[in-house]
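J.: got a predicted model here, sequence first, then my questions.
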Amino acid sequence: MSLRAAVSAVTLAAAHLAIPFAHSQSIEYRSDAKLWIIQTGDFTYAMGVDERNWLQSLYWGPHIDRTQDIPAAHSLPQRAAFDLSTTTTPQEYAAWGAGLYTEPALKATFASGNRDLVLEYVDQRQTRDANSQTLEITMRDIKLPLVVHLFYRVYTGQSVLERWSTIDNQTKEDVVLEDAASATWSLPNLENRNYRAHWLTGRWAGEWQLQSASLDVGSQVIESRRGSTGSQANPWFALEGPDAGDDEHGPVYFGELGWSGSWRITMEQSSLHQVRITGGYNPFDFDYRLAPGESLTTPPFYGGFTGGGMGGASRILHRFQQDVILPGAPHPKLRPVLYNSWEATEFNVSESGQIALAEKAAQLGIERFVIDDGWFGQRKDDHAGLGDWYVNKQKFPNGLKPVIDRVHQLGMDFGIWVEPEMVNPDSDLYRKHPEWAMNFPGRPRTEARNQLLLNLARPDVTEYVYHWLDDLVSNNDINFLKWDYNRNWAEPGWDAVPAADQKKIYVAYVHNLYSIFDRLRAKHPKLEIESCSGGGSRVDLGIMRRTEEVWPSDNTDALDRLSLQDGFTHAYTPGVMMAWVTDAPNRKTPLKFRFLVAMEGSLGIGANLNNFTPEDMATSKDLVAFYKSIRPTVQQGLQYRLIPPSRPGFPSDRAATEYVSTDGTQAVVLAYLHSQHFGDPYPLVRLEGLDPKAIYRLHPLDPKQLSSQQEASGSYWMSHGLQLVLRDDYDSTAVVLERSR
Ligand code: GLA
């Protein structure tokens, strides 16, 4: 082996150590005990069939090696006349029947009026492909052929279990599903001490607020009734065990849904201290009619367990998204540094204006130039034009080609903003097809941002949207779409189908939306897409399968962003998190601070370059070049939250984040001080995730901001820490550690 090959073999081995899951994936069925044991990465998950033929959750937690130690399931007695065994049994997928008082996974009404549904085990089968293994357990109502298939999938090299279900009406009459969850997860009862629940809430320009509270007896429900994922809450949860330590230690159960429509997750502790998490379609306004022979499949609900604290939980999710979920997984492309003029010019786009900005952007090392809103139809502001996707001839008299050609000549690729699911009443499309807007006939149509939703549940609308997008991308050299979605639903009517099926709009809309992405991507394999929804209102693992990146928030104030980005990365990888340097919208902050905050994710610039001084241009050029040198580590490495920024209820004047490359050769520390008090020195910053025995050399962005020696072992940097010199308000710095031996 040559020296180079030997080095890269070591590097590869180190890469696998990056998340050192000690165990490989497997699904074992012990037919003697009717028991399944799922091993995946760091945890073991087990369930079994009891004497009544019910499927019970048996174990979810740290890895158990000797699987024969896990005993078979046994039926549980009634606790009292008031707590039937239906409720006390930790059912894997409890249907509402036989006296269930906790959150059901499934609730149905049969044509006869019967609403009792009790599922018993029928059989199981397993399949595998190159990267995953899937268990399918079939259940059936005790009397009627309403059949439920429960799926469990594990992926090679991942510490995540994917669960979903398919409900299949094999009766001869209609069945209406009032509630159809993807899965219920049962957690161990830990000496009757409460778990600490974490979830993300938000609003426009204030997304990704990390909420944390004790999960007391009762329920904590997070949901969207908005037709899309929404920012009111994100479909992610984490429950820390009562013995949790810091961000890097202690048991954490976590999960997230892959669905871009209305959803609900209920975290409940029963009065008998059983903790369950049930999530999937939102049962509100749901009533899904299954004709005989029809079935409904629920969204995937991904879950995991780690002993490595909240930090470990988020790194497992980041890895899973990079390796399994994102387009291009397991090798998703790095995000290019982009320029977007929205905050600089808003709707006032023109050929000469955009070319002038592109020329400036290219000088900074920008790799992708994006024209935002305003280029189409009669779009002068947000009152008109959505739906009319032809180039506005007043603004671009020669079409888009001259701008695209110039952008390419300058060495950048080209992207453009679209909002395909919306229509302004002041548009040719609406005048021609008012029936395409989502509405209840004869009722008012509530506008938001002067726009209505197109009802994508209609196949004709879906076809129309797909075809104009396909034409736009086929007829212009477009590498990237910023796909926006600037409001939530109102009046979700769909009168083209019988009244009993109209609520299917919640499911049909999202499937048709996904089909547009899927067809477009299949036809244009080089096309990349960003999911934007007036900021971060549509970020979930369903949309992330189809989009390379997401826009977390319209709030680009650097200090607010520190908190938003902290919340975001609890659930999603920094590799998809677009972060722009803009013109300090909420308060004046130094350009360097804005850059270093944006470097926590995928860097872009949205400032008005026409106002940049030569000094700003020079600083920006240097910082873009610096970012490129740390980009793979930040976007695809392992992220550690060393010092958290302000969180709801926990103010902080500082923040520091570390990233370690997957091959272990580079680490990056980004550190911030937003307000100085009493001249206190910046505390020592102890690093994480280094090889204790390896030697790392420090390369500070600014040597004056570091007072540590230049070289030391991983153990020293992790135990003693870095001494940074941050003194001023909105001070910031970066230090790169290169492994030297
Ligand atoms: C939304 C997006 C912004 C911008 C505008 C354009 O608000 O989040 O980034 O694209 O729409 O109208």
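T.: Arrived safely.
J.: need the residues of the stretch 301-450 of the chain near the ligand, please.
T.: 342, 372-373, 417 (CB under 6 Å from any ligand atom). For every residue, glycine as well, the C-beta is placed using N, CA and C.
J.: now do the contacts for the residue nearest the centre of the chain.
T.: In the chain, the residue lying closest to the centroid (CA atoms, centre = their mean) is Asp540, at 3.8 Å. By CB atoms under 8 Å, 6 or more residues apart in numbering, Asp540 lies in contact with 229, 234-235, 256-260, 263.
J.: thinking again about what came up before, now, the residues of the stretch 301-450 of the chain next to the ligand that are in strands?
T.: Trp417 (DSSP state E).
J.: any chance of the residues of the stretch 301-450 of the chain next to the ligand in CSV, plus neighbour count and pLDDT?
T.: As requested, those are exported to CSV (neighbours: other CB atoms under 10 Å; pLDDT from 0 to 100):
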residue, neighbour count, pLDDT
Trp342, 20, 93
Asp372, 22, 98
Asp373, 22, 98
Trp417, 21, 98
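J.: which among the residues of the stretch 301-450 of the chain next to the ligand gets closest to Val736?
T.: Trp342 (31.3 Å; CB to CB).
J.: skipping adjacent residues, who's closest to the closest one in space?
T.: Leaving out its chain neighbours, the residue that sits closest to Trp342 by CB to CB, 6 or more residues apart in numbering is Asp372, at 3.8 Å.
J.: is it true that that neighbour touches Leu338?
T.: No. Asp372 is beyond contact range of Leu338, at 11.0 Å (criterion: CB atoms under 8 Å).
J.: following element in sequence after the top strand by length along the chain, please.
T.: For the chain, the strand with the greatest residue count under DSSP E is strand 175-187. Next helix or strand after strand 175-187 toward the C-terminus (DSSP states H and E): strand 196-201.
J.: now find how far off-centre that next one is within its chain.
T.: Here strand 196-201 shows a centroid-to-chain-centroid distance of 15 Å under the convention CA atoms, centre = their mean, to the nearest Å.
J.: between the contacts of Asp540, which is closest to Asp116?
T.: Scanning the contacts of Asp540 for proximity to Asp116, where the rule is CB to CB, the winner is Trp263, at 26.5 Å.
J.: let me see the mean pLDDT of the helix or strand hosting Thr127.
T.: Take DSSP H and E as the rule and Thr127 turns out to sit in strand 119-128. Mean pLDDT, strand 119-128: 98.
J.: in this structure, what helix or strand scores lowest on average pLDDT?
T.: Among the helices and strands of the chain, helix 3-17 carries the lowest confidence by mean pLDDT, DSSP states H and E, at a mean of 34.
J.: tell me the contacts of the residue of the stretch 201-350 of the chain at minimum distance from the ligand?
T.: Residue nearest to the ligand within the stretch 201-350 of the chain: Trp342 (4.7 Å; CB to the nearest ligand atom). For Trp342, the contacting residues are 372-373, 417, 606, by CB under 8 Å, 6+ apart.
J.: not counting its neighbours along the chain, what's nearest Gly258?
T.: Leu541 (3.6 Å).
J.: what about that neighbour, how many residues nearby?
T.: 26 (other CB atoms under 10 Å).
J.: what distance do you get for it to Leu737?
T.: According to CB to CB, to the nearest Å, Leu541 and Leu737 sit 32 Å apart.
J.: Arg30 touches Ile37, doesn't it?
T.: Yes. Look at Arg30 against Ile37 with CB under 8 Å: they come within range, at 7.2 Å.
J.: mutual contacts of these two, please.
T.: Counting by CB under 8 Å, 6+ apart, the residues touching both Arg30 and Ile37 are Thr67.
J.: more neighbours: those two, which one.
T.: Ile37 (21 against 15).
J.: quick one, what contacts the more buried one?
T.: 27-28, 30, 44-46, 64, 67, 70.
J.: ok, now which ones touch the residue sitting furthest away from the middle of the chain?
T.: Relative to the centre of the chain, the most outlying C-alpha is that of Ala81, 43.2 Å out, by CA atoms, centre = their mean. Going by CB under 8 Å, 6+ apart, Ala81 touches no other residue.
J.: likewise Lys380?
T.: 347, 374.
J.: next one: Lys432 from Tyr514, what distance?
T.: From Lys432 over to Tyr514 (counting by CB to CB), the distance is 26 Å.
J.: in the stretch 551-700 of the chain, what residue lies closest to the ligand?
T.: Asp554 (4.6 Å).
J.: now the longest helix along the chain - C-alpha only, CSV.
T.: Longest helix of the chain, by residue count under DSSP state H: helix 614-636. Only the C-alpha atoms of helix 614-636 are listed here, as CSV (Å, rounded to 0.1, in the frame of the first residue of the first chain):
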residue,chain,number,x,y,z
PRO,A,614,-14.5,48.5,-1.3
GLU,A,615,-13.6,47.4,2.3
ASP,A,616,-16.8,45.5,2.7
MET,A,617,-16.1,43.8,-0.7
ALA,A,618,-12.6,42.8,0.4
THR,A,619,-13.8,41.5,3.8
SER,A,620,-16.6,39.5,2.2
LYS,A,621,-14.3,38.0,-0.4
ASP,A,622,-11.9,36.8,2.3
LEU,A,623,-14.7,35.4,4.4
VAL,A,624,-16.4,33.6,1.4
ALA,A,625,-13.0,32.0,0.7
PHE,A,626,-12.6,31.1,4.4
TYR,A,627,-16.1,29.5,4.4
LYS,A,628,-15.2,27.4,1.4
SER,A,629,-12.2,26.0,3.4
ILE,A,630,-14.5,24.8,6.2
ARG,A,631,-17.7,24.1,4.1
PRO,A,632,-17.6,20.2,4.1
THR,A,633,-17.0,20.2,7.8
VAL,A,634,-19.8,22.5,8.6
GLN,A,635,-22.3,21.1,6.2
GLN,A,636,-21.7,17.4,6.5
